[in-house]
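Visitor: need a structure here:
(one chain, ligands or ions: 1)
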Amino acid sequence: MRVKLGELPFLIVSTVEVAKEVLRTHDLAAEAFSYNYTGIGFAPYGEPWRVLKKLCTVELLSMKRVHSFRHIRQEETENLARFIAALDGGAVDLSERGHLLAYDIVTRASVGARTKDRLKVIRMIRRLSKFGAGFNAADLYPSVKVLPFLTGIQFKIEKIHREMDGMFEGIIAEARAAESDDGFEELLSILLKCQAERSEMAITDDDIKAVMLDMFLAGSETSAAVIEWAMGDVGAGEESPHTEKSARGSEQVFDSTGRVDEERIPELKYLPLAIKETLRIHAPLPFMMPRLNSSMCTLNGYDIPTNTRLIVHAGALGKDPVLGKDPKYWPDAEQFKPERFEGAAIDYKGNDLEYLPFGSGRRLCPGINFGAANVDLTLATLLYHFDWEVPHGVRNEDLDMMEAFAVTVRRKNPLVLVPTVKRPLNVVK
Ligand code: HEM
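Guide: Take a look at the predicted model:
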């Protein structure tokens, strides 16, 4: 069957076979910089710099540099563990704490310090994520240019952008004034140096802000989402078989020093599998960056007009939406079964197209190593030092796992758990 579609703003691809076709044929084609036609949400500093931003992010987050951010990760996760221990059994909102932690790590690595008004900025990030999902009336009718204004969305987003822009202005001015000699180069000072050296590619302040915005947006919510989903699945309740398995593994690895050492995390048997499984069930960024078809094409029997946004739904691929048939890729897809990854060669580097939590191809997440390192260390620390239970009166099976709709898929309601210190913090000062 061939169906001719008219004005088609975007096409969501949710089966592995069609995703393969899209990624094979259109990954290197023209680029779309945002999910929506209106361009609102993510690119206040303009489209032409998207490629530069990506190059900068990849370069700045190279593997070597991810290792050099290690002391930031270590300090921030230990701060969180100290904060939780001091609550003395009081409940913790892990959704909020996980987001603050991910945000602090990403901002310290980007601009050298925690930013002011962190909770306010985090709220702005979440609102942008919600608006940026792009599936609003304005995007269904892209040719009606007044719709973003009529729906009010344009004004709301511009207001957030103005506030963020003011924050970046302040951060850049402070960084120019400061003469840091701590021997550690955060991303902003590298960009300012490149700007001052006037290399062949002139870098403006707006370009620098665009890179910062990418870091703050793409780097914090995604990691926060993995932390809250994983803690819901692995950490909640001492009867949970997952808690027991992950605790057993971490004793053997970390008890000799009494603290979590990121270099030894790969020795853990269960936690890396559980993180993979969390990424499968709750891909934090379920919609991959849009690819555009630069000429008319046919997908799954449909004629697709030129320049349609082809959006691969990585979240659906991990759940194997084979309606009414035997699941091809993920048996018992709805169950949390980390063991399915045991001994399996499948990884999240973008090569296995049924499992793309970090995307694939040219637009593969540039923060993949940085994001994975942050998530690994945080979860290993939370599970090694504490036992976790659901609050009094809530049963494990009643733990709310509803998803909220936004660009990044977070829990609809915050994850609140009650910690008990299992192994005191043996933190080297
Ligand atoms: C666990 C954490 C993370 C997950 C699951 C994740 C996932 C993703 C996914 C699925 C994409 C789209 C890839 C595609 O379309 O092929 C993406 C893009 C991106 N990510 Fe991440 N990400 C994470 C952490 C980070 C971090 C820490 C940073 C930076 C500090 C970052 C920066 C970006 C940027 C800048 C893009 C856009 C790339 C482009 O436009 O081509 N991400 N991420």
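
Visitor: drop to CA atoms for contacts and neighbour counts, all remaining ones
Guide: OK.

Visitor: Report the backbone C-alpha coordinates of stretch 121-135 in CSV.
Guide: C-alpha atoms of stretch 121-135 as CSV (Å, rounded to 0.1, in the frame of the first residue of the first chain):
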residue,chain,number,x,y,z
VAL,A,121,17.8,26.9,36.5
ILE,A,122,16.8,23.3,36.8
ARG,A,123,13.1,24.3,36.7
MET,A,124,13.8,26.3,33.5
ILE,A,125,15.6,23.3,31.9
ARG,A,126,12.6,21.1,32.7
ARG,A,127,10.2,23.6,31.2
LEU,A,128,12.3,23.8,28.0
SER,A,129,12.4,20.1,27.8
LYS,A,130,8.6,20.0,28.0
PHE,A,131,8.1,22.7,25.4
GLY,A,132,10.8,21.4,23.1
ALA,A,133,9.1,18.0,22.7
GLY,A,134,7.6,19.8,19.7
PHE,A,135,4.4,18.0,19.4
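
Visitor: Work out the gap between it and the centre of the chain.
Guide: Between the centre of stretch 121-135 and the centre of its chain there are 13 Å (CA atoms, centre = their mean, to the nearest Å).

Visitor: Quick one: mean pLDDT for it?
Guide: Mean pLDDT, stretch 121-135: 76.

Visitor: Then stretch 343-350?
Guide: 91.

Visitor: Figure out the length between the terminal residues of stretch 349-357.
Guide: 9 Å (CA to CA, to the nearest Å).

Visitor: ditto for stretch 88-97
Guide: By CA to CA, one end of stretch 88-97 lies 16 Å from the other end.

Visitor: hang on, S220 packs against R108?
Guide: No: using CA atoms under 8 Å, S220 and R108 do not qualify as a contacting pair, with a distance of 11.6 Å.

Visitor: quick one, which of those two is more surrounded?
Guide: Ranked by neighbour count (other CA atoms under 10 Å), S220 and R108 place S220 first, with 25 against 19.

Visitor: which secondary structure element contains that one?
Guide: helix 205-230 (DSSP states H and E).

Visitor: so where do the helices sit in the stretch 101-250 of the chain?
Guide: 118-132, 137-140, 147-151, 153-177, 187-197, 205-230, 241-254 (DSSP state H, counting those that start in this stretch).

Visitor: and these, which is most packed in?
Guide: helix 205-230 (a mean of 23; mean count of other CA atoms under 10 Å).

Visitor: Going by neighbour count, list what's buried in stretch 304-312.
Guide: By 16 or more other CA atoms under 10 Å, the buried positions in stretch 304-312 come out as I304, P305, N307, T308, R309, L310, I311, V312.

Visitor: Now do the end-to-end distance for it.
Guide: 15 Å.

Visitor: average pLDDT across it?
Guide: 86.

Visitor: cool, stretch 252-267 as well?
Guide: Computed over stretch 252-267, the average pLDDT equals 88.

Visitor: How far away from the center of its chain is that stretch?
Guide: 25 Å.

Visitor: That one: which residues count as buried?
Guide: Buried residues in stretch 252-267, counting neighbours by 16+ other CA under 10 Å, are found at V253, F254, G258, R259, V260, E262, I265.

Visitor: what's across from P419 in the sheet?
Guide: Applying DSSP bridges to P419 gives these bridge partners: W388.

Visitor: oh, and call the first residue 13 from now on, that's how I've got it
Guide: I'll keep to 13 as the first residue from here, and by that count the last item is P431.

Visitor: who are the neighbours in contact with it?
Guide: P431 makes contact with I96, A97, G101, G102, A103, V104, F398, D399, W400, E401, according to CA atoms under 8 Å, 6 or more residues apart in numbering.

Visitor: let's see 6 Å
Guide: Applying CA atoms under 6 Å, 6 or more residues apart in numbering, we find P431 in contact with G101, F398, D399, W400.

Visitor: Which of the three states applies to T37?
Guide: helix (DSSP: H, G, I helix; E, B strand; the rest coil).

Visitor: Could you check how far it is from P298?
Guide: For T37 relative to P298 (CA to CA), the value is 21 Å.

Visitor: do the same with I287
Guide: Distance, I287 to P298, by CA to CA: 16 Å.

Visitor: Mind checking which of those two has more residues around it?
Guide: P298 (25 against 22).

Visitor: Now do the phi/psi pair for that one.
Guide: Dihedral pair for P298: phi -70, psi -30, per degrees, to the nearest 10.

Visitor: Then the one 3 residues further on?
Guide: When quoted as degrees, to the nearest 10, the phi and psi of M301 stand at phi -60, psi 140.

Visitor: okay, now it: neighbour count?
Guide: There are 22 residues near M301, going by other CA under 10 Å.

Visitor: same check, this time on the one 10 residues further on
Guide: One way to gauge burial is a neighbour count; for L311, by other CA under 10 Å, it gives 14.

Visitor: Show me what counts as buried in stretch 358-370.
Guide: So stretch 358-370, judged by 16+ other CA under 10 Å, has buried residues Y360, K361, G362, L365, E366, Y367, L368, P369, F370.

Visitor: Turn the contacts of P431 into TSV, including pLDDT, distance to G330 and neighbour count.
Guide: Formatted as TSV, the contacts of P431 follow (pLDDT from 0 to 100; distance: CA to CA, whole Å; neighbours: other CA atoms under 10 Å):
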residue	pLDDT	distance to G330	neighbour count
G101	84	36	14
F398	93	30	21
D399	91	29	21
W400	91	27	27
